[in-house]
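*Asks:* let me see the structure of the following:
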Amino acid sequence: MFEMLIKRSLQSVLVIFIMSLLAFVGINLVGNPIYLLVAPNASPAEIAEASHALGLDLPVYAQYWRFLVNALHGDLGNSFVFNQPAISLIFERMPATLELASAALVLSFLIGVPLGMWAGLRPGSKVHKLAMGFSILGVTIPSFWLGLILILVFAVNLGWFPSGGRGPTTSLLGIQVSFLNLDGLRYLVLPAATLALHNIALVMRMTEAGTREVALQEYVKFARAKGVGAVRLMLRHVAPNVMIPIVTVMGLEFGQLIAFSLITETIFAWPGMGKLIVDSVLQLDRPVVVAYLMVVLVIFVLINFVVDILYLILDPRLRAKST
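*Replies:* Predicted structure coming up:
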């Protein structure tokens, strides 16, 4: 097990290095932000001075080397637009994005897993057909369309939830969160539901397929023959075997929820990292864009690492192979 963790750690470091190189070079090949930062009537001398102050006059490889050295010390550069550390801008917006992604992940688990197991234990029934129809609908509906429909129905027509913003927050271990108070929770419901729909459908289909497969195993048939109840059968015999691939998918989906929440955040004016990265791309604020990509990359790598550990915990066969 220890050898596997060391191997995964080295692979993670290599992935971070390669992706940082690709991201930095790719971002620096797009446009020149200096013309957005200086006055329209700036002289060539003023433009050259500003480029030198920001390091934009250096070759791309020299800029990357300086970025890499500074990144090892926790410095991902200063924002061209806000003139403050890019990493601090990302961390200021990160709690809102993490809260939204976590709420969407919890909804995906609480709705997708029970419905998927219920449908899997009753193949061909009305419950199975209804669940599979909902999963197809959840996969095909675009999130931006769903968000607008939810705003129109539940915010404009019914007035049950706010149409945008984050609302009041409460401090939890020094981090501002919305779900600890009722008013803040009302602001969280619609964007979390919009972000979660695709994952609910995905988790439901995977759980249904896994449940149908496990239900055909001899130990499940034997448990049924002994008169084990439906709830105990699901929790004791079916769920542990079904959850192994679900854990992997939900771990990877959590990273995607963080990375691709920008559409939902834009629709609902949710003040997270997604809104910041959209504004930074439009303004060619390279340090913020690169810092965002690096933070999301590290999150993905950490999630994969945690998923590997959970695999070892859930599947004793893997523990036996790693020893």
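*Asks:* any buried residues in the biggest helix by length in the chain, and which?
*Replies:* Using DSSP state H to define each element, the chain has its longest helix at helix 86-121. Buried residues in helix 86-121, counted by 16 or more other Cβ atoms under 10 Å: 86-87, 89-90, 93-105, 107-109, 111-113, 115-121. Where you see a C-beta, it was placed from the backbone N, CA and C, and this is true even at glycine.
*Asks:* can you list the low-confidence ranges for the protein?
*Replies:* Applying pLDDT under 70 to the chain picks out residues 1-5, 28-41, 54, 56, 215, 217-240, 310-323.
*Asks:* show me it divided up by domain.
*Replies:* Here the domain parsing of the chain from automatic domain parsing is 2-72, 91-322.
*Asks:* check these for me and report the most buried one.
*Replies:* Of all those, domain 91-322 has the most neighbours on average by mean count of other Cβ atoms under 10 Å, namely a mean of 18.
*Asks:* distance from it to the middle of the chain?
*Replies:* 9 Å (Cα atoms, centre = their mean, to the nearest Å).
*Asks:* quick one: which of the domains of the chain is nearest Ser79?
*Replies:* Closest approach to Ser79 among the domains of the chain (Cβ to Cβ): domain 91-322, 5.1 Å.
*Asks:* which residues touch stretch 74-93?
*Replies:* With contact meaning Cβ atoms under 8 Å, 6 or more residues apart in numbering, stretch 74-93 is reached by 33, 37, 54, 67, 70, 271-273, 275-276, 280, 283-288, 290-292, 294-295.
*Asks:* those helices in the stretch 201-323 of the chain, which residues are they?
*Replies:* Assigned by DSSP state H, counting those that start in this stretch, the helices in the stretch 201-323 of the chain fall at 218-225, 230-232, 239-259, 262-267, 273-282, 286-314, 316-322.
*Asks:* I meant the stretch 1-150 of the chain, not that one.
*Replies:* With helices called from DSSP H, counting those that start in this stretch, the stretch 1-150 of the chain shows them at 2-28, 34-37, 44-54, 60-72, 86-121, 126-140, 143-150.
*Asks:* among these, which is nearest Gly210?
*Replies:* Among the helices of the stretch 1-150 of the chain, helix 86-121 comes nearest to Gly210, with 7.1 Å by Cβ to Cβ.
*Asks:* tabulate the helices of the stretch 1-150 of the chain (CSV), appending distance to Ala196.
*Replies:* Below are the helices of the stretch 1-150 of the chain laid out as CSV (distance: least, Cβ to Cβ, whole Å):
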stretch, distance to Ala196
helix 2-28, 27
helix 34-37, 36
helix 44-54, 40
helix 60-72, 33
helix 86-121, 4
helix 126-140, 9
helix 143-150, 10
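*Asks:* coming back round to it: tabulate the domains of the chain (JSON lines), appending distance to Phe80.
*Replies:* Converted to JSON lines, these look like this (distance: least, Cβ to Cβ, whole Å):
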{"stretch": "domain 2-72", "distance to Phe80": "6"}
{"stretch": "domain 91-322", "distance to Phe80": "5"}
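*Asks:* quick revisit: nearest to Gln11, of the helices of the stretch 201-323 of the chain?
*Replies:* helix 286-314 (9.0 Å).
*Asks:* what's the angle from the closest one to helix 239-259?
*Replies:* Orientation of helix 286-314 against helix 239-259 (axes from the mean of the first three to the mean of the last three Cα atoms, to 10 degrees) gives an angle of 180 degrees.
*Asks:* so which other helices or strands are in contact with helix 286-314?
*Replies:* Judged by 3 or more Cβ pairs under 8 Å, 6 or more residues apart in numbering; DSSP states H and E, helix 286-314 is in contact with helix 2-28, helix 86-121, helix 239-259, helix 273-282, helix 316-322.
*Asks:* quick one, the fourth one and helix 2-28 angle?
*Replies:* Put simply, helix 273-282 runs at 40 degrees to helix 2-28, going by the same axes, to 10 degrees.
*Asks:* what's helix 273-282 packed up against?
*Replies:* Looks like helix 273-282 contacts helix 86-121, helix 262-267, helix 286-314 (3+ Cβ pairs under 8 Å, 6+ apart).
*Asks:* out of the ones you listed, which gets nearest to Leu21?
*Replies:* Set against Leu21 and scored by Cβ to Cβ, the helices and strands packed on helix 273-282 come closest in helix 286-314, at 11.0 Å.
*Asks:* just checking, Asn181 touches Arg166?
*Replies:* No - applying Cβ atoms under 8 Å as the test, Asn181 and Arg166 come out as separate, 11.7 Å apart.
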